[in-house]
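[1] I'd like to go over a predicted model; first the sequence, then the structure.
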Amino acid sequence: MRDLARLGETGRDDLASLHRDLLDPPAHAARPHIALNFVMTADGRVSYRGRAEIGSRTDRQLMFHLRSMAGAVMIGAGTLRVDPFAPSTVGRDPQPLAVVVSRTGDLPLENRFFRHPGPRLVATSASAPPARVAALRGAGAEVAVFGETDVDLVALMAAVHGRGVRFLLCEGGPTLAGQLLAAQLADELFLTHATLITAEPDARRLFEGALAPAGTARVQRLTLHASPDGERYERSALRYGGP
Ligand SMILES: NC(=O)c1ccc[n+]([C@@H]2O[C@H](COP(=O)([O-])OP(=O)(O)OC[C@H]3O[C@@H](n4cnc5c(N)ncnc54)[C@H](OP(=O)(O)O)[C@@H]3O)[C@@H](O)[C@H]2O)c1
């Protein structure tokens with residue numbers, strides 16, 4: 001195992017020193033550098049009873065640390081429907097752009113996202129009913145259309161890049177992550193391997209939806225850390241194409 005380090009149970013000091021290269025990320029044409037962040041059960045699922053309550057406190061602190069370095073943090077509508085989402089960092093100015101991707105625009109207006117102290121963007125398509133778009137705007141979000149039926153993620157990333165974002169963290173869920181993978185837009189994967197086994201039938205896998213056109217991707221591990229309870233934190237580059 002390369003670069004295996006021990007993290008404390010809370011590990012705040014150690015965590016803060018990790019992955020700081022993301023403050024000066026690789027440059028890409030017309031899009032930010034994009035990393036996915038997920039926690040997965042020991043039996044390979046990313047949802048449990050419809051939510052993501054899988055990891056430990058250290059896993060959450062790692063997520064907060066990654067957020068603190070991101071210019072934008074993005075999730076899909078399915079995740080917003082089950083989890084509060086406001087990716088703010090105490091004392092940071094400006095706060096990161098919070099992005100939610102939704103075809104329907106059918107989002108819970110009481111979600112913390114609508115009170116995020118930074119800019120809040122709902123990326124939707126022309127198929128979103130105008131009344132829903134108006135409700136989202138009324139609740140305090142900026143709403144922008146990026147495609148006829150689906151959100152064109154390349155166009156969305158170009159717009160986010162145009163706002164000066166150099167590093168975007170996508171916190172799922174698996175449908176949105178599957179689409180980023182299919183579009184070969186995801187550069188990195190932060191994957192926490194939790195110690196929990198749920199053996200829950202039909203729970204979500206890391207990527208839902210096909211890799212299109214039929215293809216494969218590979219993870220190339222960059223770092224691996226572990227906490228004393230056995231939870232592991234893996235950072236990998238994603239490589240596309242090839243056999
Ligand atoms: N373990 C983890 O780290 C983790 C992380 C995140 C989420 N989760 C879990 O994952 C589950 C949710 O899964 P999910 O697959 O439903 O989540 P999701 O990917 O967050 O949401 C899917 C929804 O996002 C929208 N969407 C995604 N790509 C789109 C595109 N290209 N164009 C337009 N809309 C797009 C659609 O919204 P509309 O329905 O509005 O059209 C779609 O139904 C929850 O149980 C959550 O707790 C786990």
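    Yep, it's here. Given the structure is predicted, the values throughout are model-derived calculations rather than measurements.
[2] all helices for this protein, in order.
    Here the chain has its helices, by DSSP state H, at 12-16, 57-69, 77-80, 130-138, 153-162, 174-182.
[3] now the weakest link among these, please, by mean pLDDT.
    When the helices of the chain are ranked by mean pLDDT, helix 12-16 comes last with a mean of 67.
[4] what's near enough to touch Met40?
    By C-beta atoms under 8 Å, 6 or more residues apart in numbering, the residues touching Met40 are 46, 54, 191-194, 206. All C-beta spots, glycine's among them, are computed from the backbone N, C-alpha and C.
[5] try Ala194
    Neighbouring residues of Ala194 by C-beta under 8 Å, 6+ apart: 39-42, 54-56, 59, 231.
[6] now do Val154
    Val154 neighbours (C-beta under 8 Å, 6+ apart): 31, 183, 185.
[7] now swap in Ala134 and tell me
    By C-beta under 8 Å, 6+ apart, Ala134 has no neighbours at all.
[8] can you map out the strands along this structure?
    4-6, 33-40, 72-76, 97-101, 120-124, 142-145, 167-170, 188-193, 217-226, 232-240 (DSSP state E).
[9] comparing the ones you listed, which gets the lowest mean pLDDT score?
    Among the strands of the chain, strand 4-6 scores lowest, at a mean of 52.
[10] spell out which residues of this protein are next to the ligand.
    Contact residues (C-beta under 6 Å from any ligand atom) of the chain with the ligand: 38-39, 46-47, 50-52, 54, 75-79, 82-83, 101-104, 106, 125, 150-151, 153, 171-176, 179, 204, 208.
[11] and the residue in the chain sticking out farthest from the centre, how far is that from Pro87?
    Within the chain, the residue lying farthest from the chain centre (C-alpha atoms, centre = their mean) is Ala131, at 27.7 Å. Between Ala131 and Pro87 the distance, using C-beta to C-beta, to the nearest Å, works out to 27 Å.
[12] now do Pro213
    On the measure of C-beta to C-beta, Pro213 and Pro87 end up 33 Å apart.
[13] equivalent analysis for Glu188, please.
    For Glu188, the distance to Pro87 - C-beta to C-beta - is 17 Å.
[14] of those two, who's got more company?
    The neighbour comparison of Glu188 against Pro87 (other C-beta atoms under 10 Å) goes to Pro87, with 26 against 23.
[15] chain neighbours aside, what residue packs nearest to the more buried one?
    Val73 (3.7 Å; C-beta to C-beta, 6 or more residues apart in numbering).
[16] run a quick neighbour tally on the residue nearest to Arg218 when sequence neighbours are not counted.
    Of all residues not flanking Arg218 in the chain, Arg239 sits nearest, at 4.7 Å (C-beta to C-beta, 6+ apart). Burial measure for Arg239: 13 neighbouring residues, criterion other C-beta under 10 Å.
[17] from what I see, Arg239 and Arg221 are in contact.
    No - the criterion here is C-beta atoms under 8 Å, and Arg239 misses it with Arg221 at 11.3 Å.
[18] what pLDDT is listed against Thr195?
    On pLDDT, Thr195 comes in at 97.
[19] show me the contacts for Asp187.
    26, 28, 33-35, 237-238.
[20] out of those residues, who's nearest the ligand?
    Comparing the contacts of Asp187 against the ligand with C-beta to the nearest ligand atom places Ala35 closest, at 12.7 Å.
[21] the ligand versus the closest residue in space to that closest one that isn't next to it in sequence, what's the distance?
    Nearest residue to Ala35 in three dimensions, chain neighbours excluded: Glu188, at 4.0 Å (C-beta to C-beta, 6+ apart). Distance of Glu188 to the ligand, given as C-beta to the nearest ligand atom, to the nearest Å: 15 Å.
[22] tell me the most packed of the contacts of Met40, by neighbour count.
    Busiest of these [other C-beta under 10 Å] is Ala194, holding 24 neighbours.
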